[in-house]
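Participant: Using only what follows, build the 3D model:
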Amino acid sequence: MYEEKRMVDTYEVKHAIHVGDKEILFALDDTKTDYPYMVCNCTWDNPLGIDHYFNASASADYVEMMTEFTDRVQAQLEAIKAERDKITVPLQPFVLEHCIPNDYGESIENKVAVIRPERLRPEYRTADKQLVLATGGFGSHANSRGRAVYTVNLYSGKESRWNREDILGTIKPEHMPDWAKERLKQIQTERQVKQKKYEQER
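Facilitator: From the prediction side, this is the model:
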């Protein structure tokens, strides 16, 4: 079966490791005798979700570039370790038994949903990444043909878009941790203030 080559300009990607918020790429263009080996970073943190390549470095020395590649991967791992060290809540992930299972006949808008662990990158399959407040989107409605669910992460406050099938269910009240209850109140208050301000400015 033909597999399309992944290219970065004229370089063919030979190795790619995604760790944390970046993917590290090692690529080759053997027509460039002066610098056939190239290492760069890639992210998709933009409105269109397209590949954004940056911080490229090229050389004719394979060992030098492979060292650069592994150094960048190691740096990403260290960044994740540092990020985890700052997290002050239990990391044990939520599973189906902690949830009211996802029911497409029920609305999840304004409810605390649990992201499926397998829809998160392995290094992010932790409780702080799973609990989100569903704030809208057609996918949050009952019996909707839409898939998009807009959310606010309870721990970080980051806004994201998921598909309804990415959601395991809504958290059972008895499994809602205290930290999440507190953050939920804060987020709901902040959203109410923003809504009132918006209405007053109209």
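
Participant: What is the neighbour count of residue 25?
Facilitator: Residue 25 has 24 neighbours, counted by other Cβ atoms under 10 Å. Where C-beta positions appear, they are placed from N, C-alpha and C, glycine not excepted.

Participant: What pLDDT is listed against it?
Facilitator: Per-residue confidence (pLDDT) for residue 25: 98.

Participant: Is my assumption valid that it occupies a position in a strand?
Facilitator: Yes: judged by DSSP: H, G, I helix; E, B strand; the rest coil, residue 25 forms part of a strand.

Participant: Show me what it bridges to in the sheet.
Facilitator: Beta bridges link residue 25 to residue 16, residue 40, judged by DSSP bridges.

Participant: my guess is residue 168 contacts residue 102, does it?
Facilitator: Yes: taking Cβ atoms under 8 Å as the definition, residue 168 is a contact partner of residue 102 at 6.3 Å.

Participant: distance of residue 84 from residue 31?
Facilitator: For residue 84, the distance to residue 31 (Cβ to Cβ, to the nearest Å) stands at 43 Å.

Participant: which of the two has more neighbours?
Facilitator: The residue with more neighbours, out of residue 84 and residue 31, is residue 84; 13 against 8, by other Cβ under 10 Å.

Participant: What residue, apart from its backbone neighbours, is nearest the more buried one spatially?
Facilitator: Leaving aside its sequence neighbours, residue 84 sits nearest to residue 91 (Cβ to Cβ, 6 or more residues apart in numbering; 7.2 Å).

Participant: tell me the secondary structure for the one you found?
Facilitator: What three-state DSSP gives for residue 91 is coil.

Participant: What is the burial count for it?
Facilitator: The burial count assigned to residue 91 is 11, neighbours taken as other Cβ under 10 Å.

Participant: residues touching residue 162, list them.
Facilitator: 115, 119, 132, 139, 148, 149, 151 (Cβ atoms under 8 Å, 6 or more residues apart in numbering).

Participant: Could you identify the buried members of the residues you listed?
Facilitator: Among the contacts of residue 162, those buried by neighbour count (16 or more other Cβ atoms under 10 Å) are 115, 132, 139, 149, 151.

Participant: Could you list which of those residues belong to strands?
Facilitator: Counting by DSSP state E, the buried ones among the contacts of residue 162 place 115, 132, 149, 151 in strands.

Participant: how about the residue located most distally from the centre of the chain, what does it touch?
Facilitator: Largest separation from the mean C-alpha position in the chain: residue 33, at 37.8 Å (Cα atoms, centre = their mean). Applying Cβ under 8 Å, 6+ apart, one finds that residue 33 lies in contact with residue 60.

Participant: Helix, strand or coil: sort out it for me.
Facilitator: Under three-state DSSP, the three-state class of residue 33 is coil.

Participant: Backbone torsions only: list them for it.
Facilitator: As for residue 33, its main-chain torsions (degrees, to the nearest 10) stand at phi -70, psi -30.

Participant: and if you look at the one 10 residues further on?
Facilitator: The phi and psi torsions at residue 43 (degrees, to the nearest 10) take the values phi -140, psi 170.

Participant: Having no further points to raise, I will conclude here.
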